[in-house]
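> with the sequence up front, the predicted model follows.
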Amino acid sequence: MISWWLGTGAAVVVGGLTWASVSPRNSLWGKVIWHGPRGDSQRVALTFDDGPTAPYTGQVLDELAALHVPATFFAIGRNIARDGELIDRAHAAGHLIGNHTQDHAHLGIMRRGDYWKRQLTDTADAIERRIGQRPALFRPPMGVRIWHAMQAAKSTGHVTVMWTRRGLDGVSTTPGRIVDRLTRHTVGGDILLLHDGIEPKGRTTPAVTVTALRAVIEGLRGRGLELVQLDELLGIQGYQR
Ligand SMILES: [Zn+2]
């Protein structure tokens, strides 16, 4: 029992040092993040999951460029293998790329540490091969927080970031509903979730997201909110190196 405690303590210390060496300023290590600073800040972050997927990711990038909005893309490794040039394009436009696992497996909840480490490492490798930088932010598939996934995220240099509000654009919906969900009650510090791609088992396209995006951005700006990347909102490093 004592050796178990000692072993666990050592693992926590080593994990902490590993992360500290990646991001010395980060005091959020080990926590799950749902939002950025509250209070006077009027900053919010738009995040897009499940890409890259042609042609939707490109259409989202077109809208963001036209409206001069920075965003964060949580990419799936398998989709990068198919549409990797869209990751290049997002990165070249100044957007942040995060890790959304290799396979986005729905049964990942059944899997253990080695599986999750591979899921995270394979995707981080794929992103690094494309843009020369290794992601430091991780969003679990479907937002399911699994102990093994969280531990694997820590040990591979990632901070787990969820969201405050979601557009629910992964199901059948309308642009008006998406705009309403993401703008009506949004306040400074919120992290907003939309989709720019289709996960491997997904059936719904993000076409409705593309249609809604301009009104979402204008609605947020109309409330006096400023759109920033996730690393800027949270005050942490977006890449490991
Ligand atoms: Zn997803």
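That came in fine, so what should we check first? Numbering: from 1, shown residues only.
> the closest residue to Pro175 other than its chain neighbours: what secondary structure?
Leaving aside its chain neighbours, Pro175 sits nearest to Ala212 (3.6 Å; criterion: CB to CB, 6 or more residues apart in numbering). (C-beta placed from N, C-alpha, C; glycine too.) For Ala212, the assignment made with DSSP: H, G, I helix; E, B strand; the rest coil gives helix.
> which residues does Ala212 contact?
Gly167, Asp169, Pro175, Gly176, Ile178, Val179 (CB atoms under 8 Å, 6 or more residues apart in numbering).
> now swap in Glu226 and tell me
Gln42, Arg43, Val44.
> among those, which are located in strands?
Among the contacts of Glu226, the ones falling in strands (DSSP state E) are Arg43, Val44.
> between the contacts of Glu226, identify the one with the most neighbours.
Ranked by the number of neighbours (other CB atoms under 10 Å), those place Val44 first, at 25 neighbours.
> so how far is the ion from that one?
Counting by CB to the ion, to the nearest Å, the separation of Val44 from the ion is 20 Å.
> same thing with Pro37?
As judged by CB to the ion, Pro37 and the ion stand 25 Å apart.
> going forward, the N-terminal residue is numbered 482.
OK, 482 is where the count begins now, so the last one is Pro518.
> count the neighbours of that residue for me.
12.
> which SS state does it fall under?
What three-state DSSP gives for Pro518 is coil.
> is it true that it touches Ile672?
No: using CB atoms under 8 Å, Pro518 makes no contact with Ile672, being 11.5 Å away.
> okay, and the common contacts of those two?
By CB under 8 Å, 6+ apart, the residues touching both Pro518 and Ile672 are Leu714.
> please name the nearest non-neighbouring residue to the residue sitting nearest the centre point of the chain.
Nearest residue to the geometric centre of the chain (CA atoms, centre = their mean): Phe555, 3.9 Å. Distance criterion CB to CB, 6+ apart; nearest residue to Phe555, sequence neighbours excluded, is His581 at 3.9 Å.
> distance of Ala696 from Asp661?
From Ala696 over to Asp661 the distance is 10 Å, taken as CB to CB, to the nearest Å.
> likewise for Met631?
32 Å.
> cool, Trp644 as well?
Relative to Asp661, Trp644 is positioned 16 Å away (CB to CB).
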